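**Student:** Based on what follows, work out the 3D shape:
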Amino acid sequence: MNRIVPLILAVALFMEQMDSTVIATALPAIAADLGVGPITLKLALTAYMVALAIFIPVSGWMADRFGAKRIFRMAIVVFMVGSVLCAISTSLVAFVISRFLQGMGGAMMTPVGRLVLLRTTKRSELVSAMALLTIPALVGPLAGPPLGGFITTFFSWHWIFLINVPVGLAGLWLSAVFLPEVTAAAPPPIDIKGFLLLAIAASGTVFGLSVISLPALPPIVGVTATIIGLLSGILYIAHARRHRAPILSLSLFANPTFRAASIGGSVFRISTGAIPFLMPLMLQIGFGLNAFQSGLITFAGAIGAITTKFMAKRVFAAIGFRTTLISASIAATLMTVVNGTFTPETPHLVIIACLVAAGFARSFFFTGVNALSYSDIPDNQASQATSMSSVLQQISLALGVAVAAAILEASAMISGTHLQLADFHLAFFIVAGLSMVAALPFAAMARSAGAAVSGHKPSRRLQPESSE
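**Tutor:** Below is the predicted model:
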């Protein structure tokens with residue numbers, strides 16, 4: 001396996017992951033400087049994810065039409081421009097728009113990078129390639145919280161976005177020199193109507209759920225946007241069934257392994273998307289820590305995540321996707337419940353140990369679900385599969401932030417006080433339940449599912465008679 005390709009592609013994931021963890025740690029400081037509440041600033045988080053959800057569907061088509069390498073490098077440039085604009089923003093509106101531009105770049109980087117990886121890697125080496133792809137990406141969460149906290153505490157939050165510029169320049173140079181050309185194809189004409197329906201569905205649903213309880217806007221705004229988004233999603237389903245080449249093909253869900261990975265992975269990511277929003281806020285608002293102290297604690301989750309990458313292939317070969325994903329879901333559930341028991345008196349070493357264990361479980365889950373998604377997908381559907389998976393990932397992560405913020409706002413409203421530690425505890429308990437629900441699609445999956453990728457060979461007496 002050519003190891004340089006996944007490592008270069010991981011530059012994109014590194015920028016995205018570090019950027020998301022940096023902003024989560026700096027959220028209270030940015031909110032204070034822009035004159036808004038920290039929960040209101042969730043609009044900046046969801047704006048980024050909405051942009052991803054809107055533009056990811058066209059990434060596969062553009063990669064097929066203009067060449068994956070060209071689109072990948074263009075996306076890095078757009079992401080860097082958005083980062084610089086975030087750094088010079090002086091208002092909430094400007095900051096949200098800049099984050100949206102960042103999302104446009106991110107929408108092309110990650111799925112197109114995965115497409116290059118799929119088309120240059122043998123299926124038997126896919127688990128190892130996915131693990132290599134995510135090792136540098138996990139350095140982002142490792143470096144993001146302490147670095148972002150240090151810069152925010154001792155300098156200014158504006159500088160945290162400029163970190164992306166040298167990383168992006170390195171990615172541009174490395175991709176120009178080492179990344180192989182993936183031959184451009186002749187895809188059918190782009191599905192304009194499908195793109196518009198998907199854009200309204202994704203942006204309406206995520207935006208609506210995010211603002212439905214904001215005091216600055218009447219609740220009817222959020223309710224209306226959510227309803228419009230859901231209706232657009234229903235219209236897209238009807239459209240995709242009739243269209244010869246829809247922008248996102250629903251036929252992918254006929255594949256049982258892709259279907260299980262998509263449903264289970266999406267539910268799990270709603271829970272996972274909530275945690276980077278909840279934990280830094282709880283440590284700063286509930287515990288009274290500063291951004292730097294908060295970052296030094298929350299970065300521990302990435303340590304646990306990185307360690308799994310050196311054993312992932314052996315584990316999946318030994319016990320298969322089904323057992324690993326169910327076990328990881330249960331372990332992540334338990335660790336999220338534990339988060340809801342932390343108090344200012346809890347020793348920091350105990351918190352760090354729990355976050356390391358949680359990162360360990362979540363990393364196994366994501367490595368497995370990412371490889372499982374493509375295990376039975378033919379090459380001619382690779383770009384569709386990467387686009388569909390990426391859209392579902394970003395919408396579910398955005399919903400995680402929206403769900404977490406809604407729980408905090410509702411809890412504070414019921415108690416009639418400002419945010420308190422009990423509000424964060426409740427939020428952790430609720431999102432923990434989602435991690436457990438994520439195990440259900442995999443429980444119905446055959447033990448041999450994805451065996452061509454994992455290398456797992458279940459014993460005959462344990463193997464079910466049917467693959468369904």
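**Student:** Touching, Ala405 and Gly273? I think so.
**Tutor:** No: counting by Cβ atoms under 8 Å, Ala405 sits too far from Gly273 to count as a contact (10.9 Å). For the C-beta atoms, the positions are set from N, CA and C on the backbone; glycine is no exception.
**Student:** can you pull out the helices in the stretch 201-350 of the chain?
**Tutor:** 219-242, 256-281, 291-298, 300-308, 312-339, 348-373 (DSSP state H, counting those that start in this stretch).
**Student:** quick one, which of those is nearest to Asp19?
**Tutor:** helix 256-281 (11.5 Å; Cβ to Cβ).
**Student:** Counting by contacts, list what the longest helix anywhere in the chain packs against.
**Tutor:** Taking residue count as the measure and DSSP state H as the definition, the longest helix of the chain comes out as helix 382-415. In this structure, helix 382-415 makes packing contacts with helix 42-66, helix 92-120, helix 192-211, helix 256-281, helix 348-373, helix 421-437, judged by 3 or more Cβ pairs under 8 Å, 6 or more residues apart in numbering; DSSP states H and E.
**Student:** possible to save those helices as a markdown table with mean neighbour count and distance to Ile414?
**Tutor:** Shown next, in a markdown table, are the helices and strands packed on helix 382-415 (neighbours: other Cβ atoms under 10 Å; distance: least, Cβ to Cβ, whole Å):
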| stretch | mean neighbour count | distance to Ile414 |
| --- | --- | --- |
| helix 42-66 | 25 | 19 |
| helix 92-120 | 24 | 27 |
| helix 192-211 | 21 | 19 |
| helix 256-281 | 24 | 18 |
| helix 348-373 | 22 | 27 |
| helix 421-437 | 20 | 9 |
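**Student:** can you put the ones you listed in a markdown table and add mean pLDDT and distance to Ala449?
**Tutor:** Supplementary listing: these in a markdown table, determined by pLDDT from 0 to 100; distance: least, Cβ to Cβ, whole Å:
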| stretch | mean pLDDT | distance to Ala449 |
| --- | --- | --- |
| helix 42-66 | 77 | 24 |
| helix 92-120 | 80 | 18 |
| helix 192-211 | 84 | 28 |
| helix 256-281 | 86 | 5 |
| helix 348-373 | 86 | 7 |
| helix 421-437 | 90 | 19 |
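**Student:** With distance to Ser294 added, can I get those helices in TSV?
**Tutor:** As requested, the helices and strands packed on helix 382-415 are arranged in TSV below (distance: least, Cβ to Cβ, whole Å):
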stretch	distance to Ser294
helix 42-66	16
helix 92-120	21
helix 192-211	23
helix 256-281	5
helix 348-373	11
helix 421-437	13
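**Student:** List of residues touching stretch 232-251?
**Tutor:** 57-58, 61, 187-191, 193-195, 197-198, 200-201, 204-205, 381, 384, 387-388, 391 (Cβ atoms under 8 Å, 6 or more residues apart in numbering).
**Student:** what do you get for stretch 435-444?
**Tutor:** Taking contacts as Cβ under 8 Å, 6+ apart, the residues outside stretch 435-444 that touch it are 259-261, 263-265, 267-268, 271-272, 321-322, 325-326, 329-330, 332-333, 336, 365.
**Student:** Could you tell me how far it lies from the centre of the chain?
**Tutor:** Counting by Cα atoms, centre = their mean, to the nearest Å, stretch 435-444 is centred 19 Å from the centre of its parent chain.
**Student:** cool, and stretch 77-90?
**Tutor:** Here the centre of mass of C-alpha atoms in stretch 77-90, compared against the chain's by Cα atoms, centre = their mean, lies 20 Å away.
**Student:** would you put the C-alpha positions of that stretch in PDB?
**Tutor:** Coordinates of the C-alpha atoms in stretch 77-90 are reproduced here as PDB (Å, rounded to 0.1, in the frame of the first residue of the first chain):
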ATOM      1  CA  VAL A  77      -7.500  27.100  -1.000                       C
ATOM      2  CA  VAL A  78     -11.200  27.900  -0.300                       C
ATOM      3  CA  PHE A  79     -10.800  26.500   3.300                       C
ATOM      4  CA  MET A  80      -7.800  28.700   3.900                       C
ATOM      5  CA  VAL A  81      -9.600  31.800   2.600                       C
ATOM      6  CA  GLY A  82     -12.500  31.100   5.000                       C
ATOM      7  CA  SER A  83     -10.100  30.700   7.900                       C
ATOM      8  CA  VAL A  84      -8.500  34.100   7.300                       C
ATOM      9  CA  LEU A  85     -11.900  35.700   7.100                       C
ATOM     10  CA  CYS A  86     -12.900  34.100  10.400                       C
ATOM     11  CA  ALA A  87      -9.800  35.600  12.000                       C
ATOM     12  CA  ILE A  88     -10.700  39.200  10.900                       C
ATOM     13  CA  SER A  89     -14.400  38.900  11.700                       C
ATOM     14  CA  THR A  90     -15.800  41.600  14.000                       C
END
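**Student:** Show me what counts as buried in that stretch.
**Tutor:** Applying a neighbour-count criterion of 16 or more other Cβ atoms under 10 Å, one finds Val78, Phe79, Met80, Val81, Gly82, Ser83, Val84, Leu85, Cys86, Ala87, Ser89 buried in stretch 77-90.
**Student:** can you tell me which residues contact the first one?
**Tutor:** Taking Cβ under 8 Å, 6+ apart, we find Val78 in contact with Leu101, Met104, Gly105, Met108.
**Student:** now with 7 Å?
**Tutor:** Leu101, Met104, Gly105 (Cβ atoms under 7 Å, 6 or more residues apart in numbering).
**Student:** Looking at those, which is nearest Leu281?
**Tutor:** Minimum distance to Leu281 across those is 25.1 Å, recorded for Leu101 (Cβ to Cβ).
**Student:** how far away is that closest one from Val116?
**Tutor:** According to Cβ to Cβ, to the nearest Å, Leu101 and Val116 sit 23 Å apart.
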